[in-house]
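> using only what follows, build the 3D model:
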Amino acid sequence: QVRLVESGGGLVQAGGSLRLSCATSGLSFGNYIMAWFRQAPGKEREFVSAISYKGGRTIYADSVEGRFTIFRDNAKETVDLEMNSLKSEDTAVYYCAADWRPNNIRQVVAAYDYWGQGTQVTVSS
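Alright, predicted model coming up:
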């Protein structure tokens, strides 16, 4: 059974930092592109960041470039998202997702095969 479990969300003041973690099980982890998406109230789920199989390539949404960093640990089968200089507009539920062996890193929700349950991040201004 595949499981993705996010943790690390919470309430933080604008300008602060959080680190999200996604623990996985049941995946052949090294064969998946791993990504983070987020969904704010009343909005569609959007791409935040993704990382290649061995971590050599990363992609970020323009809105988080330079502030967020994605990491993966293939031995521990985890993927983290370090979030710095947080803004109120970063408030959302953050989801971890896994995409089975695509040719390229993809940024669309429909491409991803497995999802976590989400963790809430609230940034107060």
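> centroid-nearest residue for the chain?
Geometric centre of the chain, nearest residue: Trp36, 2.0 Å, by Cα atoms, centre = their mean.
> helix/strand/coil for that residue?
Secondary structure, DSSP: H, G, I helix; E, B strand; the rest coil: Trp36 is strand.
> span of stretch 106-116 from start to end?
17 Å (Cα to Cα, to the nearest Å).
> ok, the closest residue to Val5 other than its chain neighbours - how many residues close by?
Spatial nearest neighbour of Val5, chain neighbours left out: Ala23 (5.0 Å); criterion: Cβ to Cβ, 6 or more residues apart in numbering. (Each C-beta comes from the backbone N, C-alpha and C, glycine too.) Other residues within reach of Ala23 by the criterion other Cβ atoms under 10 Å amount to 16.
> remind me which helix or strand Ala23 belongs to.
Remark: Ala23 resides in strand 18-25, with elements defined by DSSP states H and E.
> with Glu6 instead?
strand 3-7.
> buried stuff in the helix or strand following that strand?
Downstream of strand 3-7, the first helix or strand assigned by DSSP H and E is strand 10-13. Using 16 or more other Cβ atoms under 10 Å as the test for burial, strand 10-13 gives Val12.
> next: stretch 2-18.
Applying 16+ other Cβ under 10 Å to stretch 2-18 flags Leu4, Glu6, Gly8, Gly9, Val12, Leu18 as buried.
> now for these: which two are most distant?
Using Cβ to Cβ, the two most remote members of the buried residues of stretch 2-18 are Leu4 and Val12, lying 22.7 Å apart.
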